[in-house]
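Student: predicted model and sequence below, questions to follow.
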Amino acid sequence: MSNSGSTFTVTDTSSSQTGKITSNRYIRAFDNTGTLNINGGTISTNLTPCNTWGASAIHNKPGATLNIYGGTISECSAKFCGAIYNEGTFNMSGGTITSNTATNGEAGGVQNLSTGVF
């Protein structure tokens, strides 16, 4: 999903927090150039091709803002970062990032580049 310069909010409203974005095999779950707010749910089993830059779950691009207040990002894999590839501003006050891998041995969870603020 591409968030191009606007605000996009993901909220899991199910009583047991079982909402999922899963098994996305060829493109990351979110390309963010605006503001992305995640309030719950799960992003998991995202596998991008081995030559893809960025993460398989979220690529937070320069000038973008990613806010995670809850939820889980797990079991995602890509060449450079499994979960979050951050070049913008990343704020996290809740949630879990766990069991993600980078196939080249870099960051499995969060890769914060020189332009990124975490």
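Tutor: Received it, and whenever you're ready, just let me know what you need. Numbers count the residues shown, from 1 in each chain.
Student: what bits of the chain have low per-residue confidence?
Tutor: Scanning the chain for pLDDT under 70 picks out 1-3, 15-18, 20, 22-27, 46-54.
Student: how close does the residue minimising distance to the centre of it sit to residue 111?
Tutor: Against the mean C-alpha coordinate of the chain, by C-alpha atoms, centre = their mean, the closest residue is residue 58 at 2.7 Å. Relative to residue 111, residue 58 is positioned 11 Å away (C-beta to C-beta, to the nearest Å). For glycine as for every other residue, the C-beta is placed from the backbone atoms N, C-alpha and C.
Student: find residues that contact each of the two.
Tutor: By C-beta atoms under 8 Å, 6 or more residues apart in numbering, residue 58 and residue 111 have these common neighbours: 84, 85.
Student: which ones are touching the residue nearest to residue 82 when sequence neighbours are not counted?
Tutor: Of all residues not flanking residue 82 in the chain, residue 100 sits nearest, at 3.0 Å (C-beta to C-beta, 6 or more residues apart in numbering). If a contact means C-beta under 8 Å, 6+ apart, then residue 100 has 57, 73, 74, 75, 76, 77, 81, 82, 83, 108, 109 as its contacts.
Student: beta partners for the residue nearest to the centre of the chain?
Tutor: Under DSSP bridges, the beta-bridge partners of residue 58 are residue 30, residue 84.
Student: ok, the residue nearest to residue 82 to residue 29 distance?
Tutor: As defined by C-beta to C-beta, residue 100 lies at a distance of 12 Å from residue 29.
Student: and stretch 79-91, how far apart are its ends?
Tutor: 23 Å (C-alpha to C-alpha, to the nearest Å).
Student: of the contacts of residue 100, closest to residue 19?
Tutor: Nearest to residue 19 among the contacts of residue 100 is residue 73, at 13.3 Å by C-beta to C-beta.
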